[in-house]
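Asker: test case, fold it:
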Amino acid sequence: MTVAIAAAMSSACAAIGVNSGTAGTDAVAAERPANKAKKQREPKAALAEPQGLNVSVNAGGMTISWLDVDGATDGYAVAVDGAWRQVQETKVHYDQLLPGLPYRVEVAGMAGGRRGIVASTTVGPERGPTPPVIMSATPPPPPPAVESAGPDSESSVGAAPPGAGSDSIPDVVAVTTNGCGFTADGVADLEVTVLLAGSTALRPAVLTDDSGRLYLPIRAGAQPPTAPQGALANTSAAYSPVAVGLPPDRASIDRLVFMSSSAGEAEYHNQSIDSVEWGHELCSPPVEQPRW
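Answerer: Model prediction:
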């Protein structure tokens with residue numbers, strides 16, 4: 001009778017999938033993967049915000065420095081106006097940035113491919129619809145009148161032609177681009193042409209857009225052949241963007257910076273213009289992999 005009862009109990013346990021000898025072990029084993037997955041889902045604490053962020057800008061460019069961050073095993077991420085780069089030291093220098101312009105600087109520690117808490121600051125004047133004049137070039141006094149040599153002279157008073165020998169800021173006739181600024185295979189090839197009124201040796205030292213990116217001169221010359229017939233002689237200059245960070249989705253070039261020298265000191269004059277847009281979002285067909 002006892003054997004029959006034991007056999008019946010064994011059959012019942014087998015029917016409901018219970019093994020009296022391993023039930024506790026199986027329950028613990030089933031719990032372990034769940035605990036492991038829970039631990040993997042727990043987010044790691046973000047790296048602390050970098051302290052002592054210091055930014056200095058002068059004619060030689062911009063220098064950014066900060067203090068070490070504990071746990072920043074992958075170095076640091078640094079951005080100027082949203083263009084990020086990764087560095088290993090706690091100091092970085094940009095040599096193609098000019099004083100007198102606004103820049104937003106951000107720094108964060110890096111670990112495991114992720115950024116920690118970001119420290120940020122803004123240097124330079126605030127951007128606005130009418131940028132402030134940092135230092136304005138002053139035109140020289142007009143040339144003196146030239147008395148006629150005699151009654152047979154064709155002119156009794158002489159004057160220098162517009163723009164000749166003058167350091168005054170020239171008028172901007174037009175600012176144009178070569179399309180959306182990208183080739184068909186996605187390489188940025190933007191060229192910005194600035195047309196200035198008259199024959200002048202004073203051209204913009206740099207252009208900037210709404211993100212603070214700089215556009216440096218690549219050549220200068222006389223009026224382009226596409227100018228309207230009979231137009232006054234003008235001066236043109238071409239510029240291309242500084243390849244920092246990723247090419248923009250859409251950018252608006254909205255400022256020119258003229259630079260002159262007085263008594264050995266550099267003088268800057270900011271001039272706002274009607275914005276000119278470029279970027280891979282403006283290309284047709286759209287650019288899928290934009291790059292420099």
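Asker: could you check how far residue 212 is from residue 74?
Answerer: Distance, residue 212 to residue 74, using CB to CB, to the nearest Å: 26 Å. Yep, even glycine has a C-beta here, placed from its N, CA and C like the rest.
Asker: now do the buried residues in stretch 48-67.
Answerer: Residues of stretch 48-67 classed as buried by neighbour count (16 or more other CB atoms under 10 Å): 49, 50, 53, 55, 57, 62, 63, 64, 65, 66.
Asker: so which strand or helix has residue 259?
Answerer: Secondary structure from DSSP states H and E places residue 259 in strand 251-262.
Asker: re the thing from before, the buried residues of stretch 48-67 in strands, which ones?
Answerer: Counting by DSSP state E, those place 55, 57, 62, 63, 64, 65 in strands.
Asker: tell me the contacts of residue 254?
Answerer: 208, 209, 210, 272, 273, 274, 275, 276 (CB atoms under 8 Å, 6 or more residues apart in numbering).
Asker: number of residues surrounding the first one?
Answerer: When neighbours are defined as other CB atoms under 10 Å, residue 208 has 23 of them.
Asker: wait, it touches residue 215, no?
Answerer: Yes - the pair residue 208 / residue 215 is scored as a contact, 7.1 Å apart, by CB atoms under 8 Å.
Asker: what do these two both touch?
Answerer: Overlap of the contact sets of residue 208 and residue 215 (by CB under 8 Å, 6+ apart) consists of residue 253.
Asker: and stretch 267-279, which residues are buried?
Answerer: 267, 268, 269, 270, 271, 276, 277, 278, 279.
Asker: take those and keep only those in strands.
Answerer: Here DSSP E is the test, and the buried residues of stretch 267-279 give 267, 268, 269, 270, 271, 276, 277, 278 as lying in strands.
Asker: quick one: pLDDT of the second one?
Answerer: Okay, so that is residue 268. According to the prediction, residue 268 has pLDDT 78.
Asker: who's it bridged to?
Answerer: Residue 268 forms beta bridges with residue 259, as assigned by DSSP bridges.
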